[in-house]
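[1] everything below, folded, please.
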Amino acid sequence: MPSRKFQQISVGKCHAQTATDRFGDGAKIAIRDRERASLGMHPHSAEMPFTWPGLDSDDEQESVSSIYRLIPSMQKFRNNLTALSQVYNLYFVAYQGRIFVYRPRTVPTQTIPRRPDLQLAPKPSIAARSIGGYLDIRRPHLVNNIVTGYLGTEEVVVACYDDGDVVAYYVREIAERVFNRRSATTRASPRGPARRFFHENVGISAWGLAVHQKSRLIAVSSNRHEVTVFAFGLASECSTSKESFAQTPRDQPDANVRRRARNWRIVVLLGTHADNVPNVCFIDDDDGYAERVCAIDIKGAMWLASIWKAHQPPIYISPLCHPQLKSEEFYPAPSRGWGVLALPESSFIQVKTMEELFGLPASRVDLVYEPPGRGGQPLVNVRKILNDIPGNPCRLPSAAFATIVLNQLPPMVFPGQTMEVQEAGALLEDFSDASDGEFGESEADSDGGEEDMEEGQDGDVLDGAQVVVDANDNDMNPPHDGLAHVDPPDPWVFQAAFGELNEALGALEEVYGQFQQGLTVMDAAEPPLDTLNKTGSVSSDGKAQMLDDGPLDSFPTRLDMTFFPHNGLVHSTPRDKARLLAFLERPYEYNARPRQDEQAMAKYANKLHLLRTYEKDIEMRGFCHSKETGRKEFGVLCPDALNFGHFRDQGLRHHFHATSRLNMFAHAPELGLVVIGSPTGRVVLLTLTRMAVPADRPEGVWEHGFRVEWVLPTRADEEAHRKIIRPLHGMALGPVQLGDGDGVGRSAGMPRRYRLMLHYRNHDILSYEITREDHTGKLCIF
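    Numbers count the residues shown, from 1 in each chain. Alright, predicted model coming up:
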């Protein structure tokens, strides 16, 4: 293994908290039995497992002693389900439809307590109750993704749901209740539960989340093949009168939307070939305000679309076509797209040599060129660095898996199909009780087997932790007349060969149905959206006006507006249930204007780079050309960054089905670090690099890159702490606070230490601390 010539990384101890450490001696048995029930098997213990938290957010009344009301159930097939506050010592975990809030008790182990310090339990909106879920029609109100970010000066935590709901809370209010502090403004103890200031719906299963601090926006991507941007009204004490809100803007819609005199829902449509959108980010203008959204669809295409300007075509960046970008789990299908991150110039660390730029000397990098018809982007393939990382647990595929060229495969069309989670057990008929073996002690899931057994057992016990059921949720509980599950108007289309693979290639043993269930994680269906009758508007200082306390007709909440940038249309957002559902369930739409290609990104040259992830592969590209020669800047490609290697293992196949996706992102700009995680259970650490003097070579310009620093957990960490391997529930990265944080986000000192927490589906948690030495630039893990 060649040694690195640049400053070596320093790797220290992994801190582990097991399910037994947290919940007690019966935890492993309970987790195993809950899993067995989900697979249609009989539990070993006498008590029947059930899903907790239950369907009813008010089920905390009954005090029943059960270990299944102590250990939360975990949902499958989602995005990232954990987050850390950037300001306070708070850790958020999404279990089912709730957000559990913990205060980590120790440093550096980051031990979290048995019971949460607080629960946030927002009820589904009226529209969400009518439309239901996509992944699980029995339990539609389950969280798909959770993030923390800033709206102005306020940190918020945002979650999106399978039924299309999106909710947000101020972290400050949560912290006041968790730490029992006195409010700095009222000089009194916090009164009442932390209430959400935002509750909307996007009409279908919501997946991607992005929060923009300076522009005070929340973007939500979904299976409607579009992005919805929520722009809060920038109100002030001398805000616009009620009469002015009643004037629906007709002329110059761009200017009216930008003025932000009211709350806007901006529906950003993508191109005609767009598909389900698992992740989204913002693209800024020269002044740091959000100008566009950048979305990645499941086919791997990136779409950049204007937020404010009307009648603009989207910019399309095609997925990279490379022989090594094949699905590991569903080989030889192409690797699907899962993540996107916009990186400003300030994110990169300056280096002097080519080896510091890519982690490899120039003699060991391979050059890759896109076909001219697909953009002609030159890239540096840094895959060889993976073999240089000591203790890398990922298995690189054999050479045979990299020899088939994608273009040689015949196209096949897979029709859309709704996946009900309770049907997953049908895939596992070949697993008997004997298959438990060493993998028998496993994660808690919300699969149908356990759901069948939980009816009538929804009572929960929390013993001291506060369950926050929003007071203004009472008007959102009409009698439910049945879930409406609407099939998508258009099926998924994958241009890949996925038929019967010959035995020589060690083909996938799953049948067509199992493959479809893997795909439906991001498939298209028609869930609904609800917009609360009582919504918040953000003032100029970034704080929300809580509009819940006055009579409804005293606020302009019914006059919120919807803007469609692709055609410039503006109309009021419907609030009554019938019209709202009609709006949310409208036929799919696309921006039919001729899409622009990558050349339209020239205005962003020297300003940003885009990081795109697939199932196991990472790509970064810029949009700069040499002023002297006109040559393009090289991008960077790292195939097989996080391979798994166990998808065909008999005892693990059902646990890790549809987990091959790089869909968890964390960016620490002050460390020049990006952490990317996969539900397969590992994360990769990238240092973003930039040459002090660009190298203008005959093939192109070498200026920006990334260096693959490490893969965590290391092989030794897994041998010590992941003896029974299970998927990753969530990945969280945040600054280490002194005490519980002072609310200003500067508690950890400079250079700040960050904590990385990996939360697994069997409730094991692995933690690391990360920093970068100022004088050497060395990344340190301890």
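
[2] in stretch 652-672, what counts as buried?
    Buried residues in stretch 652-672, counting neighbours by 16 or more other C-beta atoms under 10 Å, are found at 652-668, 671-672. C-beta: built from backbone N, CA, C; applies to glycine.

[3] contacts only, for Val147.
    Residues counted as contacts of Val147 (C-beta atoms under 8 Å, 6 or more residues apart in numbering) are Asn80, Ala83, Val157, Val158, Leu209, Ala210, Val211.

[4] so it is in which element?
    Per DSSP states H and E: Val147 is located in strand 143-151.

[5] ok, and the closest non-adjacent residue to Asp617?
    With sequence-adjacent residues excluded and distances taken as C-beta to C-beta, 6 or more residues apart in numbering, Asp617 is closest to Pro639, at 4.7 Å.

[6] ok, now Phe623?
    Once flanking residues are discounted, Phe623 sits nearest to Met601: 4.0 Å by C-beta to C-beta, 6+ apart.

[7] hang on, that neighbour is in a strand, isn't it?
    No - Met601 sits outside any strand when classified using DSSP: H, G, I helix; E, B strand; the rest coil, being helix.

[8] quick check: next helix or strand after the lengthiest helix in the chain?
    Ranked by number of residues, the top helix in the chain under DSSP state H is helix 27-38. Using DSSP H and E, the next helix or strand after helix 27-38 towards the C-terminus is strand 82-84.

[9] can you give the contact residues for that following strand?
    Outside strand 82-84, the residues touching it (C-beta under 8 Å, 6+ apart) are 90-94, 146-148, 157, 729-734, 755, 757, 759.

[10] helices or strands next to the helix or strand just after that strand in the packing?
    Following strand 82-84 in sequence order, the next helix or strand is strand 91-95 (DSSP H and E). Applying 3 or more C-beta pairs under 8 Å, 6 or more residues apart in numbering; DSSP states H and E, one finds that strand 91-95 makes contact with strand 82-84, strand 98-102, strand 143-151, strand 728-735.

[11] for His566, which of those is the nearest?
    With C-beta to C-beta as the criterion, His566 lies closest to strand 143-151 of the helices and strands packed on strand 91-95, at 25.0 Å.

[12] where does this structure dip in pLDDT?
    Residue ranges of the chain with pLDDT under 70: 1-8, 56-64, 181-192, 235-253, 395-559, 739-751.

[13] so where do the helices sit in it?
    Ranges of helices within the chain are 19-23, 27-38, 126-131, 171-178, 242-245, 253-259, 354-358, 448-454, 512-519, 577-584, 715-721, based on DSSP H.

[14] now do the fourth one against strand 143-151, angle only.
    Read it as helix 171-178. 110 degrees (axes from the mean of the first three to the mean of the last three C-alpha atoms, to 10 degrees).

[15] what about helix 171-178, distance to the chain center?
    Between the centre of helix 171-178 and the centre of its host chain there is 23 Å, according to C-alpha atoms, centre = their mean, to the nearest Å.

[16] all further residue positions should be reported with the first residue as 421.
    With the count now opening at 421, the last piece we talked about shows up as helix 591-598.

[17] only the C-alpha atoms, please, for it, written as PDB.
    Provided in PDB are the C-alpha atoms of helix 591-598 (Å, rounded to 0.1, in the frame of the first residue of the first chain):
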ATOM      1  CA  VAL A 591     -34.500  25.000  17.900                       C
ATOM      2  CA  ARG A 592     -34.200  27.800  20.400                       C
ATOM      3  CA  GLU A 593     -37.700  27.000  21.700                       C
ATOM      4  CA  ILE A 594     -36.900  23.300  21.900                       C
ATOM      5  CA  ALA A 595     -33.700  24.100  23.800                       C
ATOM      6  CA  GLU A 596     -35.500  26.300  26.300                       C
ATOM      7  CA  ARG A 597     -37.800  23.400  27.200                       C
ATOM      8  CA  VAL A 598     -35.100  20.700  27.200                       C
END
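
[18] next one: stretch 442-455 to chain centre, how far?
    Relative to its parent chain, stretch 442-455 has a centroid offset of 27 Å by C-alpha atoms, centre = their mean.

[19] same question for stretch 691-698.
    With C-alpha atoms, centre = their mean, you get 17 Å for stretch 691-698.

[20] residues in contact with that stretch: which ones?
    Stretch 691-698 is contacted from outside by 499, 627-628, 641-643, 645-647, 690, 715-719, 721, 723, 734, 736, 757-759, 912-913, 942-944, 1010-1012, 1015, 1081, 1083, using C-beta under 8 Å, 6+ apart.

[21] which among the contacts of Val567 gets closest to Pro792?
    Minimum distance to Pro792 across those is 32.3 Å, recorded for Ala630 (C-beta to C-beta).

[22] residues in contact with the closest one?
    Val567, Gly569, Leu637, Ile638, Ala639, Val700, Cys701, Phe702, Val713.

[23] show me what it is bridged to.
    In this entry, Ala630 is beta-bridged to Ala639, by DSSP bridges.

[24] roughly how far does it sit from His1141?
    Counting by C-beta to C-beta, to the nearest Å, the separation of Ala630 from His1141 is 32 Å.

[25] state the distance from the closest residue to His462 other than its chain neighbours to His1074.
    Spatial nearest neighbour of His462, excluding adjacent residues (C-beta to C-beta, 6+ apart): Arg456 at 6.9 Å. Computed as C-beta to C-beta, the Arg456 to His1074 distance reads 11 Å.

[26] then Val760?
    Applying C-beta to C-beta to Val760 and His1074 gives a distance of 30 Å.

[27] what does Gly460 give?
    For Gly460, the distance to His1074 equals 11 Å [C-beta to C-beta].

[28] Asn696 too?
    Going from Asn696 to His1074 by C-beta to C-beta gives 24 Å.

[29] Arg498 now?
    17 Å.

[30] so what's Asn801 closest to, chain neighbours aside?
    Using C-beta to C-beta, 6+ apart and skipping the chain neighbours, the partner closest in space to Asn801 is Asp786 (4.1 Å).

[31] residue contacts, that neighbour?
    Contact analysis of Asp786 by C-beta under 8 Å, 6+ apart lists Val800, Asn801, Arg803, Lys804.

[32] which of the residues in stretch 684-694 are buried?
    Trp684, Arg685, Ile686, Val687, Val688, Leu689, Leu690, Gly691, Ala694.

[33] distance to Pro1133 added to those residues, as JSON lines?
    Below are those laid out as JSON lines (distance: C-beta to C-beta, whole Å):
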{"residue": "Trp684", "distance to Pro1133": "44"}
{"residue": "Arg685", "distance to Pro1133": "42"}
{"residue": "Ile686", "distance to Pro1133": "41"}
{"residue": "Val687", "distance to Pro1133": "41"}
{"residue": "Val688", "distance to Pro1133": "38"}
{"residue": "Leu689", "distance to Pro1133": "41"}
{"residue": "Leu690", "distance to Pro1133": "37"}
{"residue": "Gly691", "distance to Pro1133": "40"}
{"residue": "Ala694", "distance to Pro1133": "36"}
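
[34] which of those residues sits closest to Pro792?
    Nearest to Pro792 out of the buried residues of stretch 684-694 is Gly691 (C-beta to C-beta; 20.6 Å).

[35] roughly how far apart are the closest one and Pro1014?
    9 Å.

[36] quick one: strands adjacent to the longest strand belonging to the chain?
    As assigned by DSSP state E, the longest strand anywhere in the chain is strand 1103-1117. Applying DSSP bridges to the sheet, strand 1103-1117 is found paired with strand 769-771 (parallel), strand 1093-1097 (antiparallel), strand 1120-1132 (antiparallel).

[37] those into TSV, with extra columns for distance to Gly795 and mean neighbour count?
    Shown next, in TSV, are the strands paired with strand 1103-1117 (distance: least, C-beta to C-beta, whole Å; neighbours: other C-beta atoms under 10 Å):
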stretch	distance to Gly795	mean neighbour count
strand 769-771	27	16
strand 1093-1097	23	24
strand 1120-1132	13	24
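
[38] thank you, goodbye.
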